[in-house]
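# structure of the sequence below:
(one chain, ligands or ions: 1)
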Amino acid sequence: MPLSKLFTPVTIPTRSGAGLMLRNRVVLPPMCQYAVDKTDGVPTDWQLVHLGSMAHGGFSLIVTEASAVVPEGRISDRDAGIWNEEQVQSWARVNEYVHAHGAATAIQLAHAGAKASTYGWLQELEAEQKTGSLAASEGGWDTVTSTPSEIYGLKPASGMTQEQIADSVQAWAAAAERADAAGFDMIQIHAAHGYLIHQFLSPLSNKRTDEYGGSWENRTRYLREIVHAVAARWPENKALGIRFSGDDWVEAGWRIADTIKLAEELYAAGVRAFDLSSAGIGAFHGPSGPGYQVPLAQAVKQALPDDAFVTAVGGITEAHQAEQILVTGQADGVCIGRAALGDPQWPNRAAQVLGASKSHPSHYWRGRW
Ligand code: FNR
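Numbering: from 1, shown residues only. Model prediction:
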């Protein structure tokens, strides 16, 4: 069989132990499903079947949708969460099933900050023209951020006090502990897309004058505190990852040089998986098209030691395109998002195209790819 880099197994190093072994380099990125039934943050059968079918499809690492570390950190009231025991139990069921079908799992820990308490973006909500902040009469809640700002086009959020920041850091760490109890192999800290951590990182949104704002050192403090607190409560033999918006695509914003510097610091703190998305604060000014964020992954990969696992995401839809990204050393893995919603068997289909071994379940062996 011809060698395919995309289907060559890889290990994400951990701080101790053997590392997290992946059967190939095709990763399912986090995708909100807005599928929680009772606005209680408890994943449902939808998450089990949705993520389970991605395991059938051959993904090696399956990252959950953004899962809120506290209820007020949800984008919408139908988001999943990881702030209580019932959620742990439900995620444990998903983990057990996905693991049984050969994939590793990561939970994306998230807090939406000023972008919380919205309607989310389900097709039916769009049809009803329900966008923006969730009305108080429909259960909307107060939101927090680094600095109050109009930039989000949502109801005003209040600036966090230092006490709230300290509590919040502990909430991320407690969520990490629950994620371990639920059986996840990896944590991905959501520092991208204009949500709370990014609201601290970016000079477009963070106008604080205390030690959490102003200089690069201060704007990155909240995230660095989270990473240290999470690392202290997350087993050393499990993998630690982060998703960045690598660039705000605005001159005065958070730029790729900032991301590289921070990635180097977080690598030293034990983070080994780096996923490079972009944008999310204010209007979108970035590029688009096939592989439009790959150069961000490449820049971070070049700066980090070889054992970091850097993934590219965005507009990767074809097997040869994915293979080329890896063969040319631009990234160590690729995320397949929207293309996987259309075709959960994307990895098995790509394996067929590239002449690699498929990993479909035996029940599907008569299927044609
Ligand atoms: C997303 N994306 C996303 N990103 C993230 O960090 N956390 C999330 O929960 C979500 N939710 C989400 C839901 C849906 C329905 C889509 C389509 C996307 C972004 C996603 O992970 C990915 O970065 C983009 O979709 C770009 O990759 P593709 O789709 O071009 O492969």
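
# pLDDT of the host helix or strand of Ile107, averaged?
Per DSSP states H and E, Ile107 falls inside strand 104-110. Across strand 104-110, pLDDT averages out at 99.

# go on, stretch 174-187?
Here the average pLDDT along stretch 174-187 is 98.

# and for stretch 310-319?
Stretch 310-319 shows a mean pLDDT of 98.

# for whichever helix or strand comes after the strand holding Ile107, list every residue counted as buried.
Following strand 104-110 in sequence order, the next helix or strand is helix 123-127 (DSSP H and E). Buried residues in helix 123-127, counted by 16 or more other Cβ atoms under 10 Å: Leu125. Heads up, the C-betas are built off the backbone N, CA and C, glycines and all.

# what's the answer for stretch 139-149, then?
Gly140, Thr143, Val144, Thr145, Ser146, Thr147, Pro148, Ser149.

# out of the residues you listed, which sit inside strands?
Those of the buried residues of stretch 139-149 mapping onto strands are Val144, Thr145, per DSSP state E.

# quick one: pLDDT of the residue of the stretch 151-300 of the chain found nearest the ligand?
Nearest residue of the stretch 151-300 of the chain to the ligand: Ser277, at 4.8 Å (Cβ to the nearest ligand atom). Predicted confidence (pLDDT) for Ser277: 98.

# give the burial count for the residue nearest to it when sequence neighbours are not counted, as a bare number.
Leaving aside its chain neighbours, Ser277 sits nearest to Ala192 (4.8 Å; criterion: Cβ to Cβ, 6 or more residues apart in numbering). When neighbours are defined as other Cβ atoms under 10 Å, Ala192 has 26 of them.

# what's the answer for Ser202, then?
Neighbours of Ser202 under the rule other Cβ under 10 Å: 24.

# that one contacts Tyr222, correct?
No - in this structure Ser202 lies outside contact range of Tyr222 using Cβ atoms under 8 Å: 11.8 Å.

# all helices for the stretch 151-300 of the chain, in order.
Secondary structure of the stretch 151-300 of the chain (DSSP state H, counting those that start in this stretch): helices at 162-181, 196-201, 216-219, 221-233, 256-268, 294-303.

# need the ones you listed in TSV with distance to Asp40, can you?
Converted to TSV, the helices of the stretch 151-300 of the chain look like this (distance: least, Cβ to Cβ, whole Å):
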stretch	distance to Asp40
helix 162-181	15
helix 196-201	21
helix 216-219	34
helix 221-233	24
helix 256-268	32
helix 294-303	36
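
# nearest residue to the residue of the stretch 201-350 of the chain found nearest the ligand in space, please, no chain neighbours.
Residue of the stretch 201-350 of the chain nearest the ligand, by Cβ to the nearest ligand atom: Gly337 (2.7 Å). Of all residues not flanking Gly337 in the chain, Pro29 sits nearest, at 4.7 Å (Cβ to Cβ, 6+ apart).

# surely the one you found and Gln293 touch.
No - between Pro29 and Gln293 there is no contact under Cβ under 8 Å: 11.1 Å.

# got any residues that touch both of the two?
Contact criterion Cβ atoms under 8 Å, 6 or more residues apart in numbering; residues shared by Pro29 and Gln293: Val313.

# mind listing what's buried in the helix or strand containing Ser90?
If you go by DSSP H and E, Ser90 is part of helix 85-100. Neighbour-count burial for helix 85-100, counted by 16+ other Cβ under 10 Å, picks out Gln87, Val88, Ser90, Trp91, Arg93, Val94, Asn95, Tyr97, Val98, His99.
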